[in-house]
Every structure is written in C-alpha cells, then in structure tokens.
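Colleague: dropping a prediction and its sequence here:
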Amino acid sequence: MLDPTYIDSYSSINAPYQRLDARVKIIVTLAFVIIMAISVDDRPLRVIPFSLFIVFIAAISRLSPMVLLRRTLPALPFFLFASLVLGFSKGSEAAVAAFLKAFLSVLSVIVLVSTTRFSNLLKGLEGLKVPQLLVSLISFVYRYLFIIADEYGHIKIARESRNFGGSKRWQWKTIGHSVGTLFLHSYERGDRVYSAMVARGYEGNIRTLGTQGIVRADIIFVSISIIYLLSAGLISWKLL
Amino acid sequence: METVIEIKELTYLYPTGNKALDNLNLNVSQGERIAVVGPNGAGKSTFILHLNGILNGDGHITVMGMAMEKGNLPRIRQKVGIVFQDPDHQLFSPTVFDDVAFGPINLGFSEKEVKERVREALEEVGLRGFEERLPHRLSFGEKRRVSIASVLSMSPSILVLDEPSSSLDPRSRRELINLLKGFDITQIIVTHDLEMALELCKRVVVMDRGAIVADGEISNIFGNEALMLEHGLEVPHSIRFTHFHTHDHKGEEEEHCHAHCHPHPEAHEHKERI
Amino acid sequence: METVIEIKELTYLYPTGNKALDNLNLNVSQGERIAVVGPNGAGKSTFILHLNGILNGDGHITVMGMAMEKGNLPRIRQKVGIVFQDPDHQLFSPTVFDDVAFGPINLGFSEKEVKERVREALEEVGLRGFEERLPHRLSFGEKRRVSIASVLSMSPSILVLDEPSSSLDPRSRRELINLLKGFDITQIIVTHDLEMALELCKRVVVMDRGAIVADGEISNIFGNEALMLEHGLEVPHSIRFTHFHTHDHKGEEEEHCHAHCHPHPEAHEHKERI
Amino acid sequence: MHIPDGFLEPKVWVPLTVLSAGAVVSASKKIGKKMDEKMVPLMGVLAAFVFAAQMVNFPIGGGTSGHLMGGVLIATIVGPYGGLVIMATILILQALLFQDGGITALGANIFNMGIVGAVFGYIVFRGINKFTGNIRFSLFTASWFSVVAASGAAAVELSLSKVVPITLSAPAMLGIHSIIGIGEGAVTIAALDLVSRVGGDTVFASEVTVEKRITKKAIWIWLALSIGVAMLLAPFASQLPDGLEKVAETLGFIERGSSNFSSPLPDYRIPGLSGGISTAMAGIIGVLVTFGLAYMIVRILHRKR
Ligand SMILES: Nc1ncnc2c1ncn2[C@@H]1O[C@H](COP(=O)(O)OP(=O)(O)OP(=O)(O)O)[C@@H](O)[C@H]1O
Ligand SMILES: Nc1ncnc2c1ncn2[C@@H]1O[C@H](COP(=O)(O)OP(=O)(O)OP(=O)(O)O)[C@@H](O)[C@H]1O
Ligand SMILES: [Mg+2]
Ligand SMILES: [Mg+2]
C-alpha cells in the first residue's frame, strides 16, 4: 500500500549518515549505482567491494538490516525473473551479477530515501541543478500521490459495491469512466488544494523546516566515498 | 422477527495497524430501522464496509442467510445498498442517468427495465429531469440524493446510509427524513444527527473504539446522560424537553431544572480536552 | 466598533456562468462573531473564498483597512484564516504534522516556534499524538479537526469557518463550540447547524441566491418562522422551547401548542420536493 | 515495463540517459516559460493522477489483466511537453520511492514511456487525426501504438544489452502488449470522453494545455540528437552493430507471426561476450563524451531563446 510514513520513517534517526547534506547523499548514491553498473560487468565477484560499501553506509545510518531487506522484497521477484532469462542467454555468471547489481542498486536507493526526509531530498535535487519545474513537480506529486491513489480506491469500492462485472467492453468503458472521474476529481482537488495552500501563505515555492549546508564532514565523506568506489571498480577489474 | 443481518465477533485492523473494529456483535431483524451512533473514529464507516464484503475482517457475517463468502458476494451486494459518507466517493459516471443505471445494468436487467428503475429512483429522491446532468456539477445536497438514487435503483432489501444528513440544509434534511420514513425495507443509519436518529429509529446502537457499547430502545439510551457523555454524545434537545413535559423518567428532577434554566446543554458538559 | 471587513456590491459568476454572488454587502466589526446561514447552493462557500482573495468577484472588499489587491494579499492571508468545508480540500501534506506546520513555516517562523505552534494547535483540537498519521487516512471527523488545527497554528486575526461542525460527533462539536467561544478574535461561521449558531453568535446573516436576505439579531431572525422556511431553514428546537417558557414573543399561542404536542418540527414542514 | 538497474549495458543506458535528460530539460524550459504560479500544482496533481491511473488494472482476458500507461491520455490533456515532463516525474518518483525501475535505467524508462509513450504517441494521434478526422479512432490507434512501441523499445534495449535475444523478446513483448494496447485504447477513449463532456464547459482545456503543438524543429533536434549519440558511441561499442542486425532480423521475424511465441527457448543463442577492459574503457569514455554532449545540448537549447 502507498504510504509516505513508511518512506520517511527512518529519516529522523539521529545517526551520522542522516546528518549529512542531502546533496552529498544523492551524489554518493548516484556514484555508487553508476560506477557499479559500469565496472561490475558480468562477474559476480566484483560486487564484493560494493556490498561492503552498502553495509558500511547502512551501519552508520543505524538502519535495521531486516527493515532494509523487507523493503527490497517487492522488487525481488522481478529481478529473479529477469536474471533467469538473462541466465539462458548470457550464462549463469552474468545472471548472478545482474541480480546482485539490481539488488544492491535498489538497496542503495532505499538507504538514501529512508535516511533523508523527502523535503530535504528535494532540496538536494534542487541544489544539484535539477530543473526547478521538475523538483516542484516531484514535490507536488509526492503530496498528492497518496491522496489520489486512495481516491481511486474509493471509486473502486463504489463500483464493487454495485456488482461491477459483465462484458469486457462494458468493463473497459466503466474503467475508462472511472479514470475520467479520477482525472476530474484530481483536477478539482488540485484547484481547491491550491486555494488551501495559498490561504496558508504559499507563494510559489515550498519551504521546509530546517536548513542544510555543506560542512567539512560532508566534503570528506563525499571524497572518500568516491575515491573508494572508483578504486573498488578499478581494482576489482584487475583482480577479480 | 426474521434476522437479516447477523454479525459475530467481527474484528478488523487497517493495514497500518489501527484496530478499527474490535469483537463486534450485532443482529438486525427484517424491516428494522436502526441508528448507529458514536464518536468520530469509533469505526462506524469501517463497520459499514463489512456489510457487503468490501472489507474483510475476522469474524462471521451472515446476510439474509448467506455467509459472507466470495461466492455469495454478488447476491449479497444486490441485497445490501450502501450510501457512502462522501457522495464524491460514490459517483463516477458521466451523467446522473449512467450513475443510477450502473447497478441495474450490472444486475443484468433489460434496457427497458433499467430505464424504468432509473426513472423511479430519481423520482423518489426528487431529481426527475436531472438525468443528463453531470454528477460533478451538482450541489452537495443534490449529489447526496443521486447517491441515494443510485442505490435505490438496485431495489436493495437492506439500505445502509453513512451520515446521510451531514451538510444538508435543514429543508433537505427534512425531505431526507421523510423519504427514509417512507421506505419499509431494513435500514441502518449511521449518523451524528441524534435528532434525526430519534425521529427515524426505534432502536439505536452505540459504537465506541470498534465495539458496540449499548444497544436498545432509542429514547432510553439517548436519555441516559452518563452513557451518552461517556461516548462522545449528548442528550438531544428534544428528549430533554420531552422529559420535561411528560415526566416519564424518574429521578431526573434536577436534570429538568437544568433544562429549564439553561436551554443549552453546555451545562452538562465535561470539558476534558479543551 | 472598528470595522474589520467591509464588502460592497460583491458579485461573482463562476466560469460556467452560475451567478453565485449577487450584489452582496456586509460589514463586520472587530471581535464580532457572525453566523452565516442559508440553503445549499446559496453561495456561502463562494463568499468565503473572497475573504482572502482566492476568488475575485466584482465589487470592493477591504480587510483590516487593506483593499483586496494583489500587493496586499500576503498580509491579508496572514490575517484571515479559512477552514474549508471539505477537509479533503484542505489537507495536502504527507503527515498531520506537515499539514499543521505548513502555515507557520510559510510565515517564516523558526523551527522551534513552528513545532510549538503545531503542538498547541493539535492540543486545542484534541489530536495530540496524531502528528505522524496520514491526513487522508483519518476518519472524517478527525480530518475536520486537523483542518481546524492547520488554521489555528497561524494565529489569524479573523477566523472563517465553513461548516465546522458537520460530521463532528456531539462531544467534538461541543468542544469546538467552547473552543470558538474562548477566542476573542473576529469569527465568521458558515453553518447549517442552527443550534450552534445560536449558541455562538449574537448576529446572523441569512444568504440565499448569492445575496444577503436578512441580517440582524440572531434570536429575532431564527424566531421568524416565515423567513426561515422561505430560505430552506427551520426554527431551531431551542428557540421553540425558549419561546414556550419565556413567552417573549406575541401571537404564537398556536405555535406553542404545536411545539408541545409534537416535539419534532416536521409539523411545520412544507414538503415540496419529495 | 520498468527496467531495473543491472540489466542494461552502459552503451545502452548512457546514450538514452543523455537523450532523455536533454528532452526533459528542454521540455521543462518550454513549459516553464508559459506557466503561472498555478500551473505547477496543477501539473503536479495531474502527474499524481497518471501515477494512480497506472495502478488501474483492466481485464485483458484469460483471467489476466493489464495496467494503464497513460502516455497518450496525459499528452492529449496537457500537450506533449507537459506529458513528457509528467511521465519523467512519475518515473523518477517510482524509481526513488517504489523501487520500480532503476536509476541507471531511468533514462531508458523515460525514453520508452515518456518520449515513445507520450510524445510519439501524441504525434501519432495528431497525425492520424489530421488524416482521418476521427478523434476516437485516432486516440485508440495512438494509445495502442504507444503501448506497443514503448514495449518494443524496451525489448530492443534489453536485447542490445544481451539480456534476451530480440527474437525472443520482441514477439513476447509485442504480443502481450498488442493485447494490452487494446485495453489502453478503450480506457483512454472512455476517460477522455467523460473528461471532455464535463470539461467542455469549463476552462480546464485551455488552462491545462500548455503546448498543443509540437514543432517539427523539436522533433528533428531530438532525432538528430539520438542518431548523433548513437554514432559517436558506435565505434566504442563493438557489439552494437550486432544488436542492430538482430533488430532487422526480427522485423522479418515478426511478419512470420507468433509461431515462436509459444516456444520458450529456441536454439538461438547469443555468443557470450567477455566484458574486457576495452568495453569498460568504452563505457567510461562514453560517459565523459555524453556528459559533454549533454552540457552542449543544454547550452544550445538555452541560447535559442
Ligand atoms: N484507510 C484507513 N487506514 C488506516 N486507518 C484508518 C483508515 N480509515 C479509518 N481509519 C482509522 O480507523 C478508525 C475508525 O475509522 P472510521 O472511519 O470507521 O470511523 P467513523 O466511526 O466512521 O468516524 P466518523 O464519525 O468521523 O466518520 C479511526 O481511528 C481512523 O483513524
Ligand atoms: N466550481 C464551481 N463551478 C461552477 N459553479 C459552482 C462551483 N462551485 C459552486 N458552484 C455553484 O455556485 C453556487 C453557490 O455554491 P456554494 O458552494 O457557494 O454554495 P454554498 O452556499 O456553500 O452551499 P452548501 O451549503 O451546499 O455548501 C451553487 O449554485 C453551485 O452550484
Ligand atoms: Mg465515518
Ligand atoms: Mg458550501
């Protein structure tokens, strides 16, 4: 089920990793995912230094390993299936490597979003020069997402309560009408919510509690991480 | 009288872990009109969603002899018509006609029969001529009527309404009351409008924290001030004054004096939270 | 007393062409608590949206000496806090905390001050401990309280509430009444809950078809049965009975008898639509 | 259709990332200029709407169901640029919050569902509508095409990365999605039918439609861009011609019908490729080149106005 508290719930733990600037965390996560994607290739052993890195980060963010693993669960069946297919065309080594890469990437993203309040994440993206429009859009989608998903839930309940069934054509048409209604509800909701925001002093940019800034710890962390990741990539190439 | 709804030990937890229903038991007889009252968050709306199998808590529910099981759902949903708390959650078709016709079409009626049912249902809620209007562009009270019509058109044997009078102006509320009075099918009416409950129902069920804490004759329960206050309710004005005039309750002399001196019930208020 | 809101010849057409406000005039004095009543679709909510410039009809509006102009809007919006009719339209943040904190953050308060305000506001509506809940997964009444808290946290000078008591349980309604009574800021309360209006306000404004059709002392207006029925309203119970006991109105002998024999007001009902 | 991390090779995801980033940035700039303060929340709510609509299931027969992509649906409401930006927003959020689609594969996913699904779907809609004048027919065809084409793009990307040979993926993906596409088309028509009926008398159409027409110039820029990127990288990525060859091969194959659809493993097999230093170097140089390129594109697009 869609649930923002589920996403934000670990960002308030007061651990070293949580205290880093969001930009730093985003850069490190991106570096991790990209360098791993390029350097690991088809050999599963090369994943080792990257796994160590994730374990380290998870440790300094005091995330419970069980919680982390549980959050990867929804994605796993798909990874398994895709690796299986890959196994037939490219061999088992490549399949295992791809599975591990997919798994570790997801893990790193989960660590990122669960250690950073979503509003800070957005600030970070903004700081990294992602277009302002895109960032505001993401922040709005995040606001509305859960509401609108639930709204469709209500429509579905109304449909089911009145014995929805019948021919496929009728079902498509009805589902189409539900989607249209969802659109109208969303649109009007957007309009009204905008009024509500304006009524409470919104003037075009979303402000958040707490400010962040790059301090020395951030610079040291980002440098060490990238040096580690790069050399991990290069060394594992030579050795593994 | 024949029992049409039988609920035994119903418990429901929302996926977030909130226990919304907690070992709830209830029997409803054929033709009864029952009011369900209780504080905000008591679990009333959650309870209602169990009556046609939208939510599935632990426990046993039997509706008109049918157990609440997947195979029986279509027939149960045909019997139990639910009007939701928010009409915007109920209306999803391009026109009023389509919305009222939705149920009958799904029940497989012929086109002629469907049209006939829509006409009748709209007539009953006083919305003839609204067929081609967009449900979206109606006033709140009109939307409420359309949602009632869209349930009536299925001719349910059991009508369940969640807060039907809220946000209606006094005249529309009165019309609603008269409408409901005119039906002799089984009705379950969830409401915070105690005066309406009093006008419509002989029996009331008080819910709190997911369970039924009182169930009985409505003027007895509504007249029990301690009980009412304990569960976020108040003794309604009209009972206060009925007591005053008829003296059919004992030991309430002081109470009456109160009512006389302070026509507003705030005097009996416990003000814990503010 | 000082006039804080001055409205002259306000007219508004929705883009669809509905004339929702039609030459409306109103003055509100500092510290007054005014009730606005009228049938569904009278234009009450539309009117309210003009008080902080969300809608912009023809006419003149002055709030605390500031004309309703683009340049003044931020300051006006800081002064006028509006609680919308539908809490779903007001709550848009991922958590209750975020929602209540939204206003204070926009006003530029420090983190500490923001947290303090949120705590206080939630306390006032009886929702302590709900900080991390999702606003749209609350019961209807709980949502209503969050929307009230999210306005209180801005400490407005003028508080405008659209149907604040609908869907609240009787106790919460009572608490709301006491809460509002406790504020000495200017308040405008739109409601169908006439008893609440009567308890809270000395002055009432009756709207119908976009205009103000009556404006004056509340018990005079609410006691005027012809006027009330004409505009989709009813004489509230407590006035009926107050009249009975105090006999401060003349020529209502027959009326009183009615009230005595039929404690329910349906006897006075005109039943046109159903 | 969301491709996760770990399966695409750098030579596939890097150029697609550059392409998509360029497209999204230029589209945002295009809309940004025309927007008042109210547009952002409005587009946000519409993006949330598409997000929710993507969770809408519809039956496609045999007890299975497909779900909506919504590319053409949203592009006809807010125009192709708005559609692209909205799809990109959704995909970013899905990758970040729901582990649906990878970070390195984000560019590919935006390409498939945003550029192919929304923008090209929209162009197809305009084209057919101009030709036939029948809005419903055009909508249906364009929606069908957008789903099928997006899945085709994903199939090509996966086969270029040697995950699954195109001879296998194309029939499977296209086969299933040509059925799902019918549902997409039907639902899109019905949804827009309702919206236009209600919206006919409101302002939403003019208010929301940021950009109705997509200019020819913009299409050429994007096209040239993708070809340029591909050509630049081709020498480094030795396997690429190989992949392209297979796409061509498949085009013939598709015509033969879905006879292979039911056989899960034909004896066809891609020779295992050693991930040598050269490929890796190619990857790194590719990254550098494409970053430079991205920078240039942004500069050029920026200077234009
Ligand atoms: N979708 C949901 N997810 C999680 N918890 C929910 C959800 N909906 C309601 N709840 C919680 O379940 C409890 C019962 O809610 P319900 O809506 O049944 O109350 P209610 O009696 O109908 O209240 P009201 O009088 O305010 O309508 C409340 O504590 C509420 O916060
Ligand atoms: N967004 C809208 N577009 C067009 N017409 C509207 C819109 N909102 C309201 N109206 C119409 O404007 C009139 C006044 O509506 P308004 O919501 O102000 O009434 P109200 O007095 O608040 O009613 P209620 O007591 O039901 O809340 C009604 O006729 C209504 O149908
Ligand atoms: Mg409820
Ligand atoms: Mg209103």
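Modeller: Happy to help now that I have it. Ligands and ions are numbered 1, 2, ... in the order given.

Colleague: is the longest helix along chain A up against chain B anywhere?
Modeller: Criterion DSSP state H: the longest helix present in chain A is helix A:168-199. Yes. Counting by Cβ under 8 Å from any Cβ of the partner chain, contacts between helix A:168-199 and chain B involve A:170, A:174, A:177-178, A:180-181, A:184-185, A:188. For glycine as for every other residue, the C-beta is placed from the backbone atoms N, C-alpha and C.

Colleague: hmm, which two among the residues you listed are most spread apart?
Modeller: Maximum pairwise distance among those (Cβ to Cβ): 26.7 Å, between A:170 and A:188.

Colleague: these two: who's more crowded?
Modeller: Ranked by neighbour count (other Cβ atoms under 10 Å in any protein chain shown), residue A:170 and residue A:188 place residue A:188 first, with 17 against 13.

Colleague: and the gap between the closest residue to the more buried one other than its chain neighbours and ligand 4?
Modeller: Excluding its sequence neighbours, the residue lying closest to residue A:188 (Cβ to Cβ, 6 or more residues apart in numbering or on different chains) is residue B:136, at 7.9 Å. Going from residue B:136 to ligand 4 by Cβ to the ion, to the nearest Å gives 16 Å.

Colleague: wait, residue B:136 sits on residue A:187?
Modeller: No. Under the criterion of Cβ atoms under 8 Å, residue B:136 makes no contact with residue A:187, lying 10.4 Å away.

Colleague: secondary structure class for whatever residue of the stretch 1-150 of chain D ends up closest to ligand 3?
Modeller: In the stretch 1-150 of chain D, the residue that lies nearest ligand 3 is residue D:52 (22.7 Å; Cβ to the ion). Here residue D:52 is recorded as helix under DSSP: H, G, I helix; E, B strand; the rest coil.

Colleague: list the contacts for it?
Modeller: Applying Cβ atoms under 8 Å, 6 or more residues apart in numbering or on different chains, one finds that residue D:52 lies in contact with A:145, A:148-149, A:151-152, A:182, A:186.

Colleague: pull the most distant pair out of these.
Modeller: Once Cβ to Cβ is applied, the contacts of residue D:52 give A:145 and A:182 as the farthest pair, at 12.8 Å.

Colleague: from residue D:14, how far off is whichever residue of chain B sits closest to ligand 4?
Modeller: Closest contact between chain B and ligand 4, by Cβ to the ion, is at residue B:140 (6.9 Å). Counting by Cβ to Cβ, to the nearest Å, the gap from residue B:140 to residue D:14 is 55 Å.

Colleague: phi, psi for residue D:54 please.
Modeller: phi -70, psi -10 (degrees, to the nearest 10).

Colleague: can you pull the contacts of it?
Modeller: Counted by Cβ under 8 Å, 6+ apart, residue D:54 has contacts D:67-70, D:90.

Colleague: in strands, which of those appear?
Modeller: Among the contacts of residue D:54, DSSP state E puts residue D:67 in strands.

Colleague: could you dump the contacts of residue D:54 to a markdown table with distance to residue A:59 and neighbour count?
Modeller: Putting those into a markdown table (distance: Cβ to Cβ, whole Å; neighbours: other Cβ atoms under 10 Å in any protein chain shown) gives the following:
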| residue | distance to residue A:59 | neighbour count |
| --- | --- | --- |
| D:67 | 38 | 17 |
| D:68 | 41 | 25 |
| D:69 | 40 | 28 |
| D:70 | 41 | 32 |
| D:90 | 33 | 29 |
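
Colleague: where is pLDDT lowest across the contacts of residue D:54?
Modeller: Comparing pLDDT over these, the lowest score belongs to residue D:67 (79).

Colleague: wait, is the residue nearest to residue A:188 part of a helix?
Modeller: Yes. According to three-state DSSP, residue B:136 belongs to a helix.

Colleague: counting neighbours, what do you get for it?
Modeller: Residues near residue B:136, counting by other Cβ under 10 Å: 21.

Colleague: for the stretch 1-150 of chain B, give me the ranges with low pLDDT.
Modeller: Scanning the stretch 1-150 of chain B for pLDDT under 70 picks out B:1.
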